[in-house]
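Engineer: no sequence for this one, just the structure:
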């Protein structure tokens, strides 16, 4: 686990390695996940009244924000202050990146018609506050994803990762099953 260098007391995981895995199985799963997410965003884009103003909360290195920028012509990406992310964002120009906190979003009510929050809630000290904020800033669509436990931990253990933490990814404070996240 690493403390976010510019956010004292906040613990983050391996956010800059999310989409650059070297393990072929993890790389395949990640590519499949991103393709499925892009398909869902595409469905929203082809709606009778498509989204035009997307936000990604927990933008990480900006991979999904860039895809939304390309699809919608604009995108705001938000994540915690981190010098490493600033460098990643420079390599993905287009989206407007901001630093902020998912539990206290710096936006007006219903400012965005699509809010995407992928693999973030498990990192929040108060995921209910994060959910309230996400609902507050969207006027139409909210697309959420959290790791499916115990599958996620099991896959970590099978690949020999985070063994001393029984497969728990650094920074994961909350865990849900498919039935538990409703």
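Structural biologist: Yep, that arrived. Since the model is a prediction, treat every value here as computed from it, not as a measurement.
Engineer: For stretch 98-115, the averaged confidence score.
Structural biologist: The average pLDDT within stretch 98-115 is 96.
Engineer: Distance across it, terminal residue to terminal residue?
Structural biologist: With CA to CA, to the nearest Å as the measure, stretch 98-115 spans 15 Å from end to end.
Engineer: contacts for that stretch?
Structural biologist: Residues outside stretch 98-115 that contact it (CB atoms under 8 Å, 6 or more residues apart in numbering): 6-7, 41, 44, 51-58, 68, 72, 76-82, 117, 120-121, 124-126, 129-130, 133-134, 136-143. Just so you know, the C-beta spots here come from the backbone N, C-alpha and C atoms, and that holds for glycine as well.
Engineer: Try it again at 7 Å.
Structural biologist: Residues from elsewhere that reach stretch 98-115 (CB atoms under 7 Å, 6 or more residues apart in numbering): 44, 51-55, 57-58, 76, 78-81, 120, 124, 126, 129-130, 133-134, 136-142.
Engineer: Buried residues in that stretch, which are they?
Structural biologist: Counting neighbours by 16 or more other CB atoms under 10 Å, one finds that the buried residues in stretch 98-115 are 98, 100, 101, 102, 103, 105, 107, 111, 112, 113, 114, 115.
Engineer: Report the buried residues of the helix or strand harbouring residue 34.
Structural biologist: Using DSSP states H and E, residue 34 maps to helix 24-45. Under the neighbour-count criterion of 16+ other CB under 10 Å, helix 24-45 has 26, 30, 34, 37, 38, 41, 44, 45 buried.
Engineer: what's the following helix or strand after that helix?
Structural biologist: strand 54-57.
Engineer: chain center to that next one: distance?
Structural biologist: Offset of strand 54-57 from its chain centre (CA atoms, centre = their mean, to the nearest Å): 9 Å.
Engineer: try stretch 158-175
Structural biologist: 18 Å.
Engineer: can you offset everything so residue one is 419?
Structural biologist: Let's use 419 as the start, then, which means that last one is stretch 576-593.
Engineer: any idea how far the closest residue to residue 554 other than its chain neighbours lies from residue 599?
Structural biologist: Nearest residue to residue 554, sequence neighbours excluded (CB to CB, 6 or more residues apart in numbering): residue 527, at 5.5 Å. Plainly put, residue 527 is 25 Å away from residue 599 if you go by CB to CB, to the nearest Å.
Engineer: Taking the centroid of the chain, which residue is nearest it?
Structural biologist: Nearest to the geometric centre of the chain sits residue 536, at 3.2 Å (CA atoms, centre = their mean).
Engineer: returning to that earlier point: would you list the buried entries among the contacts of stretch 516-533?
Structural biologist: 462, 469, 471-473, 475-476, 494, 496-498, 538, 542, 548, 551-552, 555-556, 558-560.
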